[in-house]
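Engineer: sequence unknown, structure follows:
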């Protein structure tokens, strides 16, 4: 019996040894595999857009997308993007920004940028040394231009004159011809195209004229904000200009659209009368009872020793 | 209660974010409990005022406990919305800048009115009892006894039991009995308006006023039975609170449960038949969704089962009736939760672009602790009251005994007279012999 037990014990010891050896082997081979194969960083894409706004501020926006585990490119959040400007042979760091939930990182660009011999500026955006994603770089190469909107003297046509100019090597302002300008009207949450055909092209003098429709709703004074835009131009990027014009249809504001709303200072009169009457009746009874209690107290004798219950 | 106070201070310091309530469910356990307590407060009105007005003599031993239950449940019910406020220090603004057209304002006015009325309604029948306590309390040197004597003297209002004082007391009690009934009904109706006057699925109902009042009466009267049984046991009042009281109260609760069941049917059957888009999501969730288990347990467990039990005389004996009333009271509380929370989780504009946990709600430890503290507060106030004051209206019970005695004497006299008249009819001694022949 004892021998049998010793035999079983030895067999079980052998099995445990074999299992441990297998586990050790698997572990070592995995470790070797992981040491041999470096972690492959995921692919990344970046788009860069340049905007010059109506107040001459310049903005550059990088949109970053990374390859997900499902092999789809999705917006990347919290990625650090470095922006550089080309200054002769060097790249000078302008600023850095972190991408938001839509993968966008944005910086304001200085008004004066170093230019090359053709008066172009070059801005780079880079993602560098990220632990998960590959390095990425993108650049834009644009020329500075100006877009101005001038309202023509008031007539029945409601026409606006958009002028596109740039500065040449000698410092002279010269017109830019053949540029498409899109015309919009500012609305509360965005821009509305000013009609079905809202695009005009500049002529040789750099001017494009556009007549705004007459049925655009304005504010209480009939004011509207006109917007002229050069969009995604290969030489100039995005340039925008704005102007105020009293060309809108006057907005009729209902000063009291919700007379029964909770925030109205005055309640409906019948409601006040009803509440005051109902609770007034109840409280008048209460006061009467308090009066009666007072009378009971007056009629009583606090020094009396026996109550006639 | 100390733990609840600690939790409330924690909530005050860190804001309502420490609770499970978020943007969508901003009325959770606190407001459900508020509605429940206001419902329980209807017990005093029902048992005391309605039975008093209908001259039900058997009410006498249980009116005090019912009125007390009204007082304390209103006291703590009124506290619950303040607990639900993130900034309770701004409570005065509700009155200062309140809008008369807001149902919340009506709620404040009506609850304050009901609280004042209930306090008077509790106090008025206590005056002769306070005089009795004043006269019979033993004067010792202990501070507490002196304090009690002083308190009884003050509360007795110099009562000597003169004819004029009795007349005034009866007069005021008759007025309060009539006035308190519409006030009580208005309170729970207005509480229902807070829900029914908003455009939300489940709350957009015209039956909510009577539905809430019926639910309040049904749970409140069950609460009275529990209180009645507790005081009977603790203070050995078997002589006064008899099996007859349990039977009659059981019948009353049965009648109220039937009314409540009928209104329950109306509340759910009509919108379920129509299944309008907005209501549909909520009703599906209640009937066979996340809340279906609770919903059907409530319908069968706290409505149909009590009806089945209380329909039989054995079901109205103290033990079974108490078990049934515990089920009803707990069921009423959970029902308020089912009214408040699922609707908030099913707004007409779908919940979107918010963290996932905002679209679910279950009270957390802070809410449970504070609510349990309020419940403990109710028991504490009742216990303190029972230590200080008679839990039965002594003079009313005595009056009832006298009335019962007079009634028995009157019956005895009537029977005697009838017997005499009958004897006269069959007494032939005075009839002439000729007439007989």
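Structural biologist: Arrived safely, thanks for sending. Just so you know, these numbers come straight off a predicted model, no measurement behind them. Numbers count the residues shown, from 1 in each chain, chains lettered A, B, ... in the order given.
Engineer: can you list the domains in chain A?
Structural biologist: A:44-143, A:145-245 (automatic domain parsing).
Engineer: What average pLDDT does the first one get?
Structural biologist: Translated: domain A:44-143. Domain A:44-143 shows a mean pLDDT of 90.
Engineer: right, so of the domains of chain A, which gets closest to residue B:296?
Structural biologist: domain A:44-143 (41.7 Å; Cβ to Cβ). Placement of C-beta: from N, CA and C, glycine included.
Engineer: which of the residues in stretch B:268-277 are buried?
Structural biologist: B:268, B:271 (16 or more other Cβ atoms under 10 Å in any protein chain shown).
Engineer: of the domains of chain A, which approaches residue B:249 most closely?
Structural biologist: domain A:44-143 (61.9 Å).
Engineer: hang on, the earlier thing: can you list the domains of chain A in a markdown table and add mean neighbour count and distance to residue B:162?
Structural biologist: Listed next are the domains of chain A as a markdown table, based on neighbours: other Cβ atoms under 10 Å in any protein chain shown; distance: least, Cβ to Cβ, whole Å:
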| stretch | mean neighbour count | distance to residue B:162 |
| --- | --- | --- |
| domain A:44-143 | 16 | 81 |
| domain A:145-245 | 16 | 75 |
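Engineer: For those domains, give me JSON lines that also has distance to chain B.
Structural biologist: Converted to JSON lines, the domains of chain A look like this (distance: least, Cβ to the nearest Cβ, whole Å):
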{"stretch": "domain A:44-143", "distance to chain B": "11"}
{"stretch": "domain A:145-245", "distance to chain B": "16"}
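Engineer: In chain B, what residue comes closest to chain A?
Structural biologist: residue B:158 (2.5 Å; Cβ to the nearest Cβ).
Engineer: quick revisit: got the domains of chain A as CSV, with distance to residue B:92 columns?
Structural biologist: Formatted as CSV, the domains of chain A follow (distance: least, Cβ to Cβ, whole Å):
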stretch, distance to residue B:92
domain A:44-143, 42
domain A:145-245, 37
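Engineer: Mind checking those domains for the one nearest to residue A:284?
Structural biologist: Taking Cβ to Cβ, domain A:145-245 is the member of the domains of chain A nearest to residue A:284, at 49.8 Å.
Engineer: measure the closest one end to end?
Structural biologist: 24 Å (Cα to Cα, to the nearest Å).
Engineer: ditto for stretch B:45-59
Structural biologist: Stretch B:45-59 end-to-end distance (Cα to Cα) = 12 Å.
Engineer: Check the secondary structure at the residue of chain B closest to chain A for me.
Structural biologist: Under DSSP: H, G, I helix; E, B strand; the rest coil, residue B:158 falls in the coil class.
Engineer: That one: neighbour count?
Structural biologist: 19 (other Cβ atoms under 10 Å in any protein chain shown).
Engineer: Verify the stated contact: it with residue A:296.
Structural biologist: Yes: using Cβ atoms under 8 Å, residue B:158 is in contact with residue A:296, at 7.4 Å.
Engineer: For the residue of chain B closest to chain A, which non-adjacent residue is closest in space?
Structural biologist: residue A:300 (2.5 Å; Cβ to Cβ, 6 or more residues apart in numbering or on different chains).
Engineer: check contacts around the closest residue to residue A:79 other than its chain neighbours.
Structural biologist: Nearest residue to residue A:79 in three dimensions, chain neighbours excluded: residue A:99, at 4.5 Å (Cβ to Cβ, 6+ apart). Counting by Cβ atoms under 8 Å, 6 or more residues apart in numbering or on different chains, residue A:99 makes contact with A:62, A:64, A:75-79, A:81, A:105.
Engineer: Could you single out the nearest of those to residue A:279?
Structural biologist: Nearest to residue A:279 among the contacts of residue A:99, with distances taken as Cβ to Cβ, is residue A:77, at 56.8 Å.
Engineer: pretty sure residue A:191 is in a helix, no?
Structural biologist: No: assigned with three-state DSSP, residue A:191 falls outside any helix and is strand.
Engineer: What ranges in chain B fall below the confidence cut-off?
Structural biologist: Regions of chain B meeting the criterion pLDDT under 70 cover residues B:139, B:427-437.
Engineer: From residue B:136, how far out is whichever residue of chain A sits closest to chain B?
Structural biologist: Nearest residue of chain A to chain B (Cβ to the nearest Cβ) works out as residue A:300 at 2.5 Å. Taking Cβ to Cβ, to the nearest Å as the measure, residue A:300 falls 17 Å from residue B:136.
Engineer: what do you get for residue B:249?
Structural biologist: For residue B:249 relative to residue B:136 (Cβ to Cβ), the value is 30 Å.
Engineer: So the two - more neighbours on which side?
Structural biologist: residue B:249 (26 against 10).
Engineer: show me what contacts the more buried one?
Structural biologist: Per Cβ under 8 Å, 6+ apart, neighbours of residue B:249: B:47, B:62, B:221, B:224-225, B:228, B:321.
Engineer: Can I get the buried ones among the residues you listed as something I can paste into ChimeraX?
Structural biologist: Typed into ChimeraX, the line below selects the buried ones among the contacts of residue B:249, using 16+ other Cβ under 10 Å:
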select /B:47,62,221,224,225,228,321
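Engineer: Return the closest of the contacts of residue B:249 with respect to residue A:147.
Structural biologist: Nearest to residue A:147 among these, with distances taken as Cβ to Cβ, is residue B:221, at 79.5 Å.
Engineer: so which helix or strand takes in the closest one?
Structural biologist: helix B:208-234 (DSSP states H and E).
Engineer: quick one: low-confidence parts of the stretch 101-250 of chain A?
Structural biologist: By pLDDT under 70, the low-scoring segments of the stretch 101-250 of chain A are A:154-155.
Engineer: so which strand or helix has the closest residue to residue B:47 other than its chain neighbours?
Structural biologist: Excluding the flanking residues, the one nearest residue B:47 by Cβ to Cβ, 6+ apart is residue B:66, at 3.8 Å. Element membership for residue B:66 (DSSP H and E) is helix B:63-83.
Engineer: What helices and strands are in contact with that helix?
Structural biologist: helix B:29-40, helix B:42-44, helix B:103-123, helix B:208-234, helix B:365-388 (3 or more Cβ pairs under 8 Å, 6 or more residues apart in numbering or on different chains; DSSP states H and E).
Engineer: after the fourth one comes which helix or strand?
Structural biologist: By that I understand helix B:208-234. Following helix B:208-234 in sequence, per DSSP H and E, is helix B:243-274.
Engineer: Please state the offset of that following helix from the chain centre?
Structural biologist: The chain centroid and the centroid of helix B:243-274 are separated by 15 Å, computed with Cα atoms, centre = their mean, to the nearest Å.
Engineer: Return the angle between stretch directions for that helix and helix B:208-234.
Structural biologist: Per axes from the mean of the first three to the mean of the last three Cα atoms, to 10 degrees, the angle that helix B:243-274 makes with helix B:208-234 is 150 degrees.
Engineer: hmm, stretch B:193-209 in reach of chain A?
Structural biologist: No: Stretch B:193-209 stays clear of chain A (Cβ under 8 Å from any Cβ of the partner chain), getting no nearer than 10.0 Å.
Engineer: could you pull out the strands for the stretch 151-300 of chain A?
Structural biologist: Ranges of strands in the stretch 151-300 of chain A, per DSSP state E, counting those that start in this stretch, are A:159-167, A:173-175, A:180-187, A:190-193, A:199-201, A:207-211, A:224-233, A:237-245.
Engineer: Could you spell out the sheet neighbours of the fourth one, each with its direction?
Structural biologist: Same thing as strand A:190-193. Strand A:190-193 has its sheet partners listed here by DSSP bridges as strand A:180-187 (antiparallel).
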